[in-house]
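> the sequence and its predicted three-dimensional model are supplied below.
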Amino acid sequence: MVSQTSIVSGIAGRYASALFDLAREQRVLDEVAGDLAAIDEMIDANADLARLVRSPVISREDQGRAMAAVMEAAGIGALASRFIGLVAQNRRLFALRDMVAAFRILLADHRGEATARVTSARPLTEQQVTRIKSQIAGIVDQEISLSTDVDESLLGGLVVRIGSRMVDSSLRTKLQRMQTAMKEVG
């Protein structure tokens with residue numbers, strides 16, 4: 001399998017690589033990974049925070065103060081908090097979620113794992129996540145670092161991305177294929 005680190009590039013990749021190197025030096029990779037996962041979940045769950053991160057209108061000082069307050073309230077560790085502060089100061093918060101994803105790829109590569117992202121129409125139960133993770137691990141013959149997303153427009157089924165490979169078994173795609181096939185016949 002091709003190294004997944006080749007996928008990590010651009011602004012997000014450079015920031016994630018720098019954070020990864022610092023976390024590895026300070027031996028806090030797991031702590032930083034947990035902090036970044038918590039930050040990502042907070043952005044996902046809070047529309048105001050998501051707007052703060054994406055907004056080009058809010059000044060860097062206001063973004064920095066707001067993010068510092070969020071980090072403190074959430075109990076985020078020192079390295080991740082300083083990283084978020086730097087990202088806000090450099091007006092790069094819009095790429096924060098991509099930085100988190102790039103960090104996950106670097107961490108998984110460091111651990112010899114493959115990263116997989118599963119998108120479903122509805123939230124998956126822990127049992128479903130465990131079953132999917134074990135099936136993917138059997139296919140790629142590696143440990144799997146799995147993250148999940150919800151996209152209601154899929155209608156049903158799953159979209160699984162492993163590195164640069166994608167398997168789309170969503171109901172939306174099946175209906176689109178059926179529609180295309182019907183156009184060719186009619």
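Yep, that arrived. Numbering: from 1, shown residues only.
> okay, now the nearest residue to residue 103 once chain neighbours are set aside: neighbour count?
Residue nearest to residue 103 in three dimensions, not counting chain neighbours: residue 16, with 4.3 Å by C-beta to C-beta, 6 or more residues apart in numbering. C-beta: built from backbone N, CA, C; applies to glycine. When neighbours are counted by other C-beta atoms under 10 Å, residue 16 registers 26.
> quick one: list the elements packing against the helix or strand harbouring residue 16.
Assigned by DSSP states H and E, residue 16 belongs to helix 10-25. Where contact means 3 or more C-beta pairs under 8 Å, 6 or more residues apart in numbering; DSSP states H and E, helix 10-25 is packed against helix 29-45, helix 78-89, helix 96-111.
> list the buried ones in the first one?
Applying a neighbour-count criterion of 16 or more other C-beta atoms under 10 Å, one finds 29, 31, 32, 33, 35, 36, 38, 39, 40, 42, 43 buried in helix 29-45.
> ditto for stretch 72-89
Within stretch 72-89, the residues scored as buried using 16+ other C-beta under 10 Å are 76, 77, 79, 80, 81, 83, 84, 85, 87, 88.
> before we move on, back to that, now render the helices and strands packed on helix 10-25 as JSON lines, adding distance to residue 143 and mean pLDDT.
Below are the helices and strands packed on helix 10-25 laid out as JSON lines (distance: least, C-beta to C-beta, whole Å; pLDDT from 0 to 100):
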{"stretch": "helix 29-45", "distance to residue 143": "15", "mean pLDDT": "94"}
{"stretch": "helix 78-89", "distance to residue 143": "24", "mean pLDDT": "96"}
{"stretch": "helix 96-111", "distance to residue 143": "7", "mean pLDDT": "91"}
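> CSV for those, including distance to residue 160?
Below are the helices and strands packed on helix 10-25 laid out as CSV (distance: least, C-beta to C-beta, whole Å):
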stretch, distance to residue 160
helix 29-45, 19
helix 78-89, 28
helix 96-111, 15
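> OK, contacts around the residue nearest to the spatial centre of the chain?
A centroid search over the chain (C-alpha atoms, centre = their mean) returns residue 101, at 3.7 Å, as the residue closest to the centre. Taking C-beta atoms under 8 Å, 6 or more residues apart in numbering, we find residue 101 in contact with 12, 147.
> what about it, distance to residue 157?
In this view, residue 101 and residue 157 are 22 Å apart by C-beta to C-beta, to the nearest Å.
> do residue 45 as well
24 Å.
> now residue 146: which helix or strand?
With DSSP H and E as criterion, residue 146 is part of strand 143-150.
> chain center to that strand, what's the gap?
How far strand 143-150 lies from its chain's middle: 9 Å, per C-alpha atoms, centre = their mean, to the nearest Å.
> just checking: what are the partner strands of it?
strand 113-120 (parallel) (DSSP bridges).
> can you give me the angle the partner strand makes with helix 96-111?
Orientation of strand 113-120 against helix 96-111 (axes from the mean of the first three to the mean of the last three C-alpha atoms, to 10 degrees) gives an angle of 140 degrees.
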